[in-house]
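Q: curious how this folds, go ahead:
(2 chains)
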Amino acid sequence: AQSVTQLDSQVPVFEEAPVELRCNYSSSVSVYLFWYVQYPNQGLQLLLKYLSGSTLVESINGFEAEFNKSQTSFHLRKPSVHISDTAEYFCAVSDGGFGNEKLTFGTGTRLTIIP
Amino acid sequence: EAQVTQNPRYLITVTGKKLTVTCSQNMNHEYMSWYRQDPGLGLRQIYYSMNVEVTDKGDVPEGYKVSRKEKRNFPLILESPSPNQTSLYFCATSRITGGTRGYTFGSGTRLTVV
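A: Numbers count the residues shown, from 1 in each chain, chains lettered A, B, ... in the order given. So this is what the prediction gives:
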């Protein structure tokens, strides 16, 4: 069975500082990996995803994540955060394979930006 | 505009009073799913559906029912709600493409059972 561990439940960061949100997964087969963001009082939005190819994936708002198969990790990074990045971030994994659409989510990391 | 619509957004009900949370999508997605979100537990899958009349249990199905009579609709039914079903609920959809490319989520339904 697949699972996701987000090691930090809360991460406070000063504005314009870098941030890394950690995610480790376990799965017996090849995986697809995702980061979702949930802004206060909103639903979840897809931030970025790794399906295949380049192990470094980027979002349109400056976040990036690197798939590391040997360490079974998919950490999310941003070199300089803004107040608007305050949100909860969820890492998710899927085993892939035809018809296997289930996403398994981590417990989330609440990112708080300090002015 | 592609969207997943959930109703209601907020609901307060009493123990034992049957309720239905609706979910509708306009993207012709085959796969639909319900999750509940609880603090410290993340999102957990309740039920899912691969297509019309095809549904199956997720990780936490107890106390819930679903139906998929039409491709676009996937209602979540709580026949006898209890306080431990107080939670934030999300409907999610995707195409079946040989491995998920990620979900499109509804805006959520915050349910309180007193």
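Q: what's the lowest-mean-pLDDT helix or strand in chain A packed up against?
A: Using mean pLDDT, DSSP states H and E, strand A:56-58 stands out as the lowest-scoring helix or strand of chain A, at a mean of 89. Packing partners of strand A:56-58 (3 or more C-beta pairs under 8 Å, 6 or more residues apart in numbering or on different chains; DSSP states H and E): strand A:44-50, strand A:64-68. No exception for glycine: its C-beta is placed from N, CA and C like everyone else's.
Q: quick one, longest strand in chain B?
A: strand B:42-51 (DSSP state E).
Q: list the buried residues for it?
A: Applying a neighbour-count criterion of 16 or more other C-beta atoms under 10 Å in any protein chain shown, one finds B:G42, B:L43, B:R44, B:Q45, B:I46, B:Y47, B:Y48, B:S49, B:M50 buried in strand B:42-51.
Q: report the mean confidence score over that strand.
A: Confidence for strand B:42-51, expressed as mean pLDDT, is 94.
Q: now do the contacts for the residue nearest the centre of chain A.
A: Nearest residue to the geometric centre of chain A (C-alpha atoms, centre = their mean): A:W35, 3.3 Å. A:W35 is in contact with A:23, A:46-49, A:59, A:63, A:65, A:74, A:76, A:89-92, counting by C-beta atoms under 8 Å, 6 or more residues apart in numbering or on different chains.
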